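>>> Let's see this in three dimensions:
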Amino acid sequence: MTWMGRKRRRHVVATTDSVSLILIVDDEPSGRRALESLLLGQGYGLAFAASADEALTLARGLEPDLILLDVMMPGTDGIEALRQLRSIPRIGEIPVILVTSLDDRASRLAGLEAGADDFVAKPIDRLELRTRVRTIMRLNRFRKLRDAVCSLSEAYDATLEGWVRALDLREHQLEGHSERVAEMTARLAREMGVEPADVVHIYRGALLHDIGKIAIPDAILLKAGPLDEAEWTIMRRHPDYARAMIEPIAYLRPALEIPYCHHERWDGKGYPRGLRAEAIPKSARIFSAVDVWDALSSDRPYRACWDRARVSQYLLDNSGTLFDPDVVTCFVKLLGEDEIRRTAASPADLAQDLSPAARPDDPGILAAPAASCYRLRSETPPARIDLTEAVPDLLTIPFRSIHRDRLGRPYAERSLVNSG
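Residues are numbered from 1 along each chain as shown. As a prediction, the model looks like this:
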């Protein structure tokens, strides 16, 4: 234990890296000495302040685990100091026990309203003080553990987003594709009544839906023309690669359903396992519709984006074959509500709504537009689309394009959805 200066008892008197620190705030030296004598030897580091202003300064610098705050002080009293403390980011959650000789109900209510965690009345009972301090410290340890877990979770999610951006750059995906489909999948899952705790895993799974493509050779992943059967055999392994990557990670295991099953089809003709109907995990059924929606709603080098009405009609036409009918019904309804909201918005509101930085009021996982090319109204009646034959991908339409890839090669026949 390192002992520091105790002059006037207004500084840290005992602290190590492992003990909890208590800041004692009292304008009277006798009050500070009394609290010090009651708490020394209990394994706490102690710091002292003689005014509210000094207390706030020390709180910013020391970030104590607990503040014992006298109420009756000249100038700024303890209740006002507590109000100021609660308004300061980073230190506003420090537990505070008010130390007061006031025993009336109004004072206690004022302290609670200002954010007090507990009270100790003067004259101070040694056993009561130590018991209340231990209780607060125990709760504070839980809070710190919770905050640490949240910080770790945020770091994990930031890492996942970095992986996904790297994959998007490698595959030359439309910027933000993975984030967009993750956000819309989470939104649709909420609309379909998925529990909030499960929506978090669905978001992560959607974010990582194509992570298995990291194992696909560039010659196949970036090929400008159509894949041959041997290449398709390799491409179809990416869900298995995703499973091999994610399953050993306990944190991500609940998010595995989408990366592993998002190419399964409602009619059982998907891959990798040929699952049918409700044997396909619900999260993967939700995601598959969103993934196609985003692909068709985005400009690609080999075709322009489709308007919303045409995309919705495609989802409806393939309900019960490619997609879960319940998912399509809910998703088309959700897209229609968005259309109504956008059509009714003012030009200023619309510009904000279509901005990449725009976000709805939902504080949780948010939804964003799939692409800036969205049109508010269909310029022509939507054409119905029929799939006349089974194809390796979701939809294949032959065409020729004057566009060239990053190596200068002309695009040949490509999958319209091209989701691999």
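
>>> In which helix or strand does Leu46 reside?
Element membership for Leu46, per DSSP states H and E: strand 44-49.

>>> That strand packs against which elements?
With contacts taken as 3 or more CB pairs under 8 Å, 6 or more residues apart in numbering; DSSP states H and E, strand 44-49 sits against strand 14-15, strand 20-25, helix 29-39, helix 52-62. (C-beta placed from N, C-alpha, C; glycine too.)

>>> Export these to CSV and append columns for mean neighbour count, distance to Arg126 and mean pLDDT.
CSV is the format used below for these (neighbours: other CB atoms under 10 Å; distance: least, CB to CB, whole Å; pLDDT from 0 to 100):
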stretch, mean neighbour count, distance to Arg126, mean pLDDT
strand 14-15, 20, 18, 48
strand 20-25, 23, 15, 92
helix 29-39, 17, 5, 91
helix 52-62, 18, 23, 92
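
>>> Put together CSV for the ones you listed, with distance to Ala106 on each row.
Supplementary listing: the helices and strands packed on strand 44-49 in CSV, determined by distance: least, CB to CB, whole Å:
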stretch, distance to Ala106
strand 14-15, 37
strand 20-25, 22
helix 29-39, 22
helix 52-62, 20
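
>>> Can you check what angle separates the strand holding Leu46 from helix 29-39?
Interaxial angle, strand 44-49 versus helix 29-39 (axes from the mean of the first three to the mean of the last three CA atoms, to 10 degrees): 170 degrees.

>>> how far away is Ile258 from Gly41?
Counting by CB to CB, to the nearest Å, the separation of Ile258 from Gly41 is 56 Å.

>>> Could you do Arg86 as well?
As defined by CB to CB, Arg86 lies at a distance of 31 Å from Gly41.

>>> Between these two, point out the one with more neighbours.
Neighbours of Arg86 and Gly41, each counted by other CB atoms under 10 Å, are more numerous for Arg86; the result is 15 against 8.

>>> For that one, which non-adjacent residue is closest in space?
Take Arg86 and drop its neighbours on the chain: the residue closest to it by CB to CB, 6 or more residues apart in numbering is Gly115, 4.3 Å away.

>>> Glu231 too?
The shortest distance from Glu231 to any residue that is not its chain neighbour, by CB to CB, 6+ apart, is 4.9 Å, and that residue is Ile220.

>>> Just give the nearest non-adjacent residue to Gly274, would you?
Residue nearest to Gly274 in three dimensions, not counting chain neighbours: Gly268, with 5.5 Å by CB to CB, 6+ apart.

>>> Report the contact partners of that neighbour.
The neighbourhood of Gly268, defined by CB atoms under 8 Å, 6 or more residues apart in numbering, consists of Gly274, Leu275, Arg276, Ala277.
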